[in-house]
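*Asks:* Predicted structure and sequence below. I'll ask about it afterward.
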Amino acid sequence: MINYTYYNPTRIYFGDKQLANLPEEVKKYGDKVLLLYGGGSVKKNGVFDEVEGVLKAAGIQVFECGGVEPNPLYTSVNRAAKVCRENDCDVVVALGGGSVIDAAKVVTKAKFYEGDSWDLITKSVEEERGIPLIAIPTIASAGAENDAWAVISNPETQEKLDPWDVKYQPTVTFINPAFTKSVPDYQIAVGAADILSHITDIRYFINEHKIAVVNEMMEAMARNIIKYAPIAMQDPEDEEARMNMSWIAAMITGGVMDQGGMTDMVLHMAEYGIAAFYEIPHGHGIGIMMPRWMQYVLNEKTAPMFYRFGVECLEVEAGLPAMDGAQKTIDALSDWLFNKLGLESHLAAMGVEEKMLHAMAVKATERCGGKLHSITDLSVEDIENIYRACL
């Protein structure tokens, strides 16, 4: 009998008319909001004005802070926390993608800590207090709007850390798929690759037993991301594609797929090794590595799992020998990533140099005792070989 506990306290409002409930949720905690956002696209497309207008119309004071990077830096957390402290904000509202939401998570605690936020991220300093976070995602990606993880980078120490803290769990999330309409095709593609990896790399391609219904839920989510991401790129007005992608993104890290087995993250850790030295979008780095990693670990033991995924999610024909079916799965996945989504398929084209591969592999494995664990164990040399196959 598998034993587990499931609990997710985030209240999710889904749909195009739900923002009307935002003031009520804010006023449960106060009337001063830090509105955090990224590079400014939310101001150009009108989403910022819509959110700010709803808040101000209800008498809520709004203090804004923008400029959060795609791979959020701890310095942006410091800057936002300063605004939050100086104005004694009661709530942080994160308006943007996963990077903005991740930065906002740390800000909720950094409000009470006047030191460097990196201390909180490394957990060298513990801060029990935190103000509520309300997330309003504008892209379908890694599900930061429904989990308690935060991924923050420090270029000075060449680290990308992902601390978990119960205070980082958003109190409320507002998901309006219409807010994703203006997302550029490239961001849709890297978000879709990240979503697929959260399903497969972390939860599906593992050795531990999973409850059958959990496996089938993962296959349904993967199948629909594979279906709808290209549609969303071709037609920004396709409501069905936007709704499905937005809901799947919210579910992948919300805990429903974690039950009944272990989780791992070999590709995510391998991408952290790249990110320590190069500014490459997280989902793109993962997308480049995914089929190369599958090819590297393909053997008689891993083939049946890969082949099942191909049949259930990539329209690979049934009834083939497992090794043949697994190879067709890898080929079909490569076609989806590099042709249908249009992602660049080589790390060298993204600026990665061969001389850095070993240092990247060391960085990727240093937090895991020199090995990454998933469907197979991978050493520093293995990770370096996978990087090399991606050049």
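*Replies:* Structure received. Numbering: from 1, shown residues only.

*Asks:* low-scoring stretches of the stretch 251-391 of the chain, by residue?
*Replies:* Within the stretch 251-391 of the chain, the stretches with pLDDT under 70 are 260-263.

*Asks:* ok, now which ones touch the most centrally placed residue in the chain?
*Replies:* Centroid check for the chain by C-alpha atoms, centre = their mean gives A142 as the closest residue, at 2.3 Å. Neighbouring residues of A142 by C-beta atoms under 8 Å, 6 or more residues apart in numbering: 98, 191, 194-195, 198, 249, 252-253, 282-283. To be clear about C-beta, it is placed using only N, CA and C from the backbone, and glycine gets the same treatment.

*Asks:* For it, give me the pLDDT.
*Replies:* In this prediction, A142 carries a pLDDT score of 85.

*Asks:* three-state assignment of it?
*Replies:* Following DSSP: H, G, I helix; E, B strand; the rest coil, A142 is assigned to coil.

*Asks:* Relative to E50, how far out is it?
*Replies:* When distance is defined by C-beta to C-beta, to the nearest Å, A142 is 24 Å away from E50.

*Asks:* Check D331 too.
*Replies:* 43 Å.

*Asks:* can you give me the helices in the stretch 151-300 of the chain?
*Replies:* 185-199, 212-234, 239-252, 266-275, 282-297 (DSSP state H, counting those that start in this stretch).

*Asks:* Disregarding flanking residues, what is the spatial nearest neighbour of N71?
*Replies:* Closest residue to N71 in three dimensions, ignoring its sequence neighbours and counting by C-beta to C-beta, 6 or more residues apart in numbering: S153, at 5.0 Å.

*Asks:* partner residues bridging the one you found?
*Replies:* Per DSSP bridges, the residues bridged to S153 are L73, K160.

*Asks:* So which bits of stretch 246-265 are buried?
*Replies:* 246-255, 257-261, 264-265 (16 or more other C-beta atoms under 10 Å).

*Asks:* contacting residues for I248?
*Replies:* If a contact means C-beta under 8 Å, 6+ apart, then I248 has 140, 195, 221, 224-225 as its contacts.

*Asks:* so how far is E219 from it?
*Replies:* Taking C-beta to C-beta, one finds I248 at 12 Å from E219.

*Asks:* on that earlier part again, the residue nearest to N71: neighbour count?
*Replies:* 25 (other C-beta atoms under 10 Å).

*Asks:* Next: A220.
*Replies:* 14.

*Asks:* Show the model's pLDDT score for it.
*Replies:* pLDDT for A220: 97.

*Asks:* same check, this time on I211
*Replies:* I211 is given a pLDDT of 83.

*Asks:* thinking it is in contact with Q259, fair?
*Replies:* Yes - I211 lies in contact with Q259 (C-beta atoms under 8 Å); the separation is 6.7 Å.

*Asks:* Between these two, which contacts overlap?
*Replies:* Counting by C-beta under 8 Å, 6+ apart, the contacts common to I211 and Q259 are I2.

*Asks:* Look up how far P70 lies from Y204.
*Replies:* Distance of Y204 to P70, given as C-beta to C-beta: 26 Å.
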